[in-house]
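In: Need coordinates for the following:
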Amino acid sequence: MSIKKLKAVIVIASTFVGLGMSGCEPAGSQQKGYFVSPQGSDDNPGTIKQPFKTIQKCADTVQPGFTCWMREGVYREQVRPQISGTESKPITFAAYKEEQVTISGTELVTDWSKDRDAIYRAKISLPVDGYSDTGFFANQIFVGGKMMPEARFPNLSPEQDFLRPNLLGGGVTSLGGTAAKIENEAVPELTEGWKGGQVWANEWYTTRTGEITGGTAKQLLAKMTAAWDRGAYWFYLFGKQELLDDRGEWFYDGGKQELYFWSLDAQTPQNIEVKQRNFAFDLSDRSYITVRNLNLFANTITTSDRSSGVVIDGVRAKYVSHHMTLPPPAKPEKAYEADDAMFLAAHAQDTGIQLRGNNHVLQNSVIDWSAGNGVLLEGNNHQVTNNIIVNTNYQANYAASVRVNGNGHQISHNTIKRTGRDAINFDWHTAGTDGRNLEISYNDISEFGMLSTDLGAIYICCQVNLEGGSIHHNWIHDAQSFSPFWGTRGIYLDLETFNSTVHHNVVWNLNGSDHNLGITAGSPRGYDRVFNNTFLGKVLLDGENIEARNNIFANVESIGAKNASNNLFIDTDAKFTRLPQAEAKSSTTPDFTLQKDSPAIDLGIEIPKITADFTGKAPDLGAYEYNSPAWKAGSSLKYDFESNY
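Out: Prediction:
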């Protein structure tokens, strides 16, 4: 990797350029707000000619109905407004006009000395000494705006893709309780010994971490963060200085307060930043705050149960949350029905853009890279609309690109790509079983399941009541199956989730396993209604309470629903306009609209609120009505996905 020796201000700002979003200045803004600039002073009055220096100074000064206008530059601070806005007069924090403003959670590291070979060291106090996982979860290091891997075995990968790491097989075997044995012939002997190191273990549909307690090469002993008797299949090791053996890796010695880094070009490191703050904005107990057209780097935004009316609009957030270990959270009161496997939800309740409370909005934004969630929804009636959420959950547990707790949320018109497990997850361990009035619609979801199995692009579990909501008009495609074991699902209503309405979705290219299913549904607790979908692959619809009508399915054998009619199976050519290519990343976009001679035309039945806009003699089958405007899923924002892997 070649890293240009640019000033850190330019490096961070350039990370966010070209996302197709721009700031705006309302009429009379200079009379209705204050200005902030890195070249200002907090002794200034906050005018455009004499701006404040810190955003916090403006946050301490601003009143409802006013705006903190930020001039271009990098602000290394955490902001907490002194007061809330009101519903009619919110407080706004925004970039001035089209200027690039970044709030960074990092600080620069500049005082390097050579340790040995291409390894350099710097004296610095980082937030985490070891792996305590309290408050600040893990140290994080960046070069030129890109996250570098903590020293590990085996090394990450030449591409340094945290969602496609190198792993060892052979596995982690339970010895009872939290005790475990780690075995692989490739595990080397360390002169310092392995005790005190860490293990990350991929275990069927989740992961665990643990501390190594003893053993020697090829066979180690560990104490895991939680008991689990189902075994692990792949793992990596970290947390020992002797593993620092590759370009771009780092290790932090908390006792000596020294950071070691293997230089990318064998020269003195340049443009090195370390994470020092979790939040760009702490909006706990604050309401009616708007954050608009800002870049966030190595930090996130948090709210609380007492927050309401927060709007996050046009934000570009990169590396929002990072952690290396997975301790089980306490079970919340509302999740009393859930089992005790709380480690499944480690950091699923405290990572990503965190929207707690009521009536928040996240829109027109990009969230790129998170060890856990991209966005967390807790409370009621939030809107997540027209966003790009990419590269999430590289710790691969029940966190998700969009993690859902509560009810009444709308998740629509988002593009969600590349996630370790589920794209959208509602899980009873923290959410309980009340999932009423959720709308999940017009999302383009792809490349999910990159580090796990037995999962769904949309995964809802267990015994969750979905009454009053619907899952509709989503594209779900091109799963990146980590393992053929148990496969992936498009829409996975697991373990007696019930009262669902699923209509007008298209699911295709769930490749990699015979266990892959376009949808899994069926519960004795209530109804499941599956109407006007197009599934190119197997499905599992089985039970007395499933109603399946007007769908296009792959084959008749996959339908066990007792109430099924007016469905078409693809052993009869459905005459789609353009079928998907075999390659998961084909540049050709499939078109599932119907040709004029399709046997699916006029073969359906009328279903109230589902087929109201049909043309012709009767509704058509599948997700598209012939000779009607073709709906599209996903965000309207433009983003260069390839350059951000």
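In: residues contacting Ser321?
Out: 137, 278, 300, 347, 351-352, 370-373 (C-beta atoms under 8 Å, 6 or more residues apart in numbering). C-beta here means a position set from N, CA and C on the backbone, and glycine is covered the same way.
In: Next: Ser481.
Out: Contacts of Ser481 by C-beta under 8 Å, 6+ apart are 449, 453, 487-488, 510-513, 516.
In: Of these, keep whichever come out buried.
Out: 449, 453, 487-488, 510-513, 516 (16 or more other C-beta atoms under 10 Å).
In: just the helices in this structure please.
Out: Ranges of helices within the chain are 8-14, 55-61, 428-431, based on DSSP state H.
In: ok, of those helices, where does mean pLDDT dip lowest?
Out: Mean pLDDT across those is lowest at helix 8-14; the value there is a mean of 46.
In: picking up where we left off before, relative to Phe153, which of the contacts of Ser321 is nearest.
Out: Ala371 (19.3 Å; C-beta to C-beta).
In: What distance do you get for the closest one to Val320?
Out: For Ala371, the distance to Val320 (C-beta to C-beta, to the nearest Å) stands at 9 Å.
In: what do the two both touch?
Out: Thr351.
In: Among the buried ones among the contacts of Ser481, show me the least confident.
Out: Minimum confidence in the buried ones among the contacts of Ser481 sits at Gly512, scoring 66.
In: of all the contacts of Ser321, which two lie farthest apart?
Out: Asn278 and Asn373 (13.6 Å).
In: Compare those two (neighbour count), which wins?
Out: More crowded of Asn278 and Asn373, by other C-beta atoms under 10 Å: Asn373, with 31 against 21.
In: Hmm, the more buried one is touching Val402, no?
Out: Yes - counting by C-beta atoms under 8 Å, Val402 is a contact partner of Asn373 at 7.5 Å.
In: Sketch out the low-pLDDT regions of this structure for me.
Out: Filtered on pLDDT under 70, the chain yields the residue ranges 1-31, 132, 512, 556-558, 582-587, 645.
In: Residue nearest the middle of it, spatially speaking?
Out: Central residue of the chain (C-alpha atoms, centre = their mean): Ser401, 2.5 Å from the mean position.
In: from memory it sits against Ile388, does it?
Out: No - the criterion here is C-beta under 8 Å, and Ser401 misses it with Ile388 at 10.1 Å.
In: Need the overlap of contacts for the two.
Out: Ile416.
In: Just give me the neighbour total for Gly135.
Out: 9.
In: May I have the residues that are in contact with it?
Out: Asn278.
In: now it: how far from Gly456?
Out: 32 Å.
In: ditto for Val366
Out: 24 Å.
In: Check Pro524 too.
Out: 20 Å.
In: So those two - more neighbours on which side?
Out: Gly456 (27 against 9).
In: Count the residues that sit near the closest residue to that one other than its chain neighbours.
Out: Distance criterion C-beta to C-beta, 6 or more residues apart in numbering; nearest residue to Gly456, sequence neighbours excluded, is Tyr492 at 2.8 Å. Using other C-beta under 10 Å, Tyr492 has 24 other residues around it.
In: my guess is Tyr492 contacts Thr520, does it?
Out: Yes - if you go by C-beta under 8 Å, Tyr492 and Thr520 touch, sitting 5.1 Å apart.
In: Can you work out which residues contact both of the two?
Out: Going by C-beta under 8 Å, 6+ apart, residues that sit against Tyr492 and also against Thr520 are Gly456.
In: the strands in the stretch 501-645 of the chain, which residues?
Out: For the stretch 501-645 of the chain, the strands defined by DSSP state E, counting those that start in this stretch cover 506-508, 517-521, 528-531, 534-535, 540-549, 552-553, 559-565, 568-569, 576-578, 591-594.
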